[in-house]
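[1] Any chance you can model this:
(chains A and B)
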Amino acid sequence: DQQVKQNSPSLSVQEGRISILNCDYTNSMFDYFLWYKKYPAEGPTFLISISSIKDKNEDGRFTVFLNKSAKHLSLHIVPSQPGDSAVYFCAASANAGGTSYGKLTFGQGTILTVHP
Amino acid sequence: NAGVTQTPKFRILKIGQSMTLQCTQDMNHNYMYWYRQDPGMGLKLIYYSVGAGITDKGEVPNGYNVSRSTTEDFPLRLELAAPSQTSVYFCASSPQIDKNIQYFGAGTRLSVL
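    Residues are numbered from 1 along each chain as shown, chains lettered A, B, ... in the order given. Just a heads-up that it's a prediction; the model follows:
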């Protein structure tokens, strides 16, 4: 049972346009969500996060939106740059009660390709 | 600034062999994690540790063992390698103040033939 799903294996966009990556989750206990970015032969690196008490968090060109009722989050990258080409993972954790210990559940990843 | 260091980067094992994947971090993080990533899949948690001497199972612990004798080191042991353990293994660490934001090593690519 996959609790975090990224249904688009890949996404291709033109430089300067918007990239929208989507993620769905099924576990209602998840209350903290993160996006990680991964280049080939490297480990994932943290990109941006959002708590369930918010519906939007912005950091420069990156914005994450959370729709709790739909159990859906999205990552918007504006404008997209060729250096953004990477695999993007959505991740979630359940922190209520202080017992999550940082255990993350990851989606399958979306390969983003930004063409010059 | 090394961060999280994993060794080796690549390894080929024969079925039934044993090996230890090494992981060390220099950020004085309390929390450490081992994940595996299979092709086309997300990362799955194998084991985690909240501090020296304390470890616990994650989602997919079977066939693996860990120990945490120091804050810096968190080795992962495969006792009897099986083809199903062919994967890329990532070690990560996080500070207690924000345990969800994890810092990853570059990974170990393991093939069991």
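
[2] For the rest of this, base every contact and every neighbour count on C-alpha atoms.
    Fine.

[3] got the contact list for the residue nearest the centre of chain B?
    With distances taken as Cα atoms, centre = their mean, the residue of chain B nearest its centroid is residue B:34 (3.0 Å). The contact partners of residue B:34, by Cα atoms under 8 Å, 6 or more residues apart in numbering or on different chains, come to B:45, B:46, B:47, B:48, B:76, B:89, B:90, B:91, B:92.

[4] ok, the fifth one touching residue B:20?
    Yes. Here residue B:76 lies in contact with residue B:20, judged by Cα atoms under 8 Å, at a distance of 5.5 Å.

[5] circling back to that earlier point, so what's the residue nearest to the centre of chain B closest to, chain neighbours aside?
    residue B:91 (4.6 Å; Cα to Cα, 6 or more residues apart in numbering or on different chains).

[6] Could you dump the contacts of residue B:34 into JSON lines and include pLDDT and distance to residue B:70?
    Below are these laid out as JSON lines (pLDDT from 0 to 100; distance: Cα to Cα, whole Å):
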{"residue": "B:45", "pLDDT": "96", "distance to residue B:70": "21"}
{"residue": "B:46", "pLDDT": "97", "distance to residue B:70": "19"}
{"residue": "B:47", "pLDDT": "97", "distance to residue B:70": "16"}
{"residue": "B:48", "pLDDT": "96", "distance to residue B:70": "14"}
{"residue": "B:76", "pLDDT": "98", "distance to residue B:70": "14"}
{"residue": "B:89", "pLDDT": "98", "distance to residue B:70": "21"}
{"residue": "B:90", "pLDDT": "98", "distance to residue B:70": "19"}
{"residue": "B:91", "pLDDT": "98", "distance to residue B:70": "15"}
{"residue": "B:92", "pLDDT": "97", "distance to residue B:70": "15"}
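
[7] Quick check: which ranges of chain A have low pLDDT?
    Applying pLDDT under 70 to chain A flags the ranges A:97-99.

[8] Get me the contact residues on it for chain B.
    Chain A has residues A:41-46, A:89, A:93, A:101-109 near chain B, with proximity defined as Cα under 8 Å from any Cα of the partner chain.

[9] what are the ranges of the strands in chain A?
    For chain A, the strands defined by DSSP state E cover A:4-5, A:10-14, A:19-25, A:32-38, A:45-51, A:56-59, A:62-67, A:72-77, A:86-93, A:105-106, A:110-115.

[10] Of the ones you listed, which is nearest residue B:65?
    strand A:105-106 (20.5 Å; Cα to Cα).
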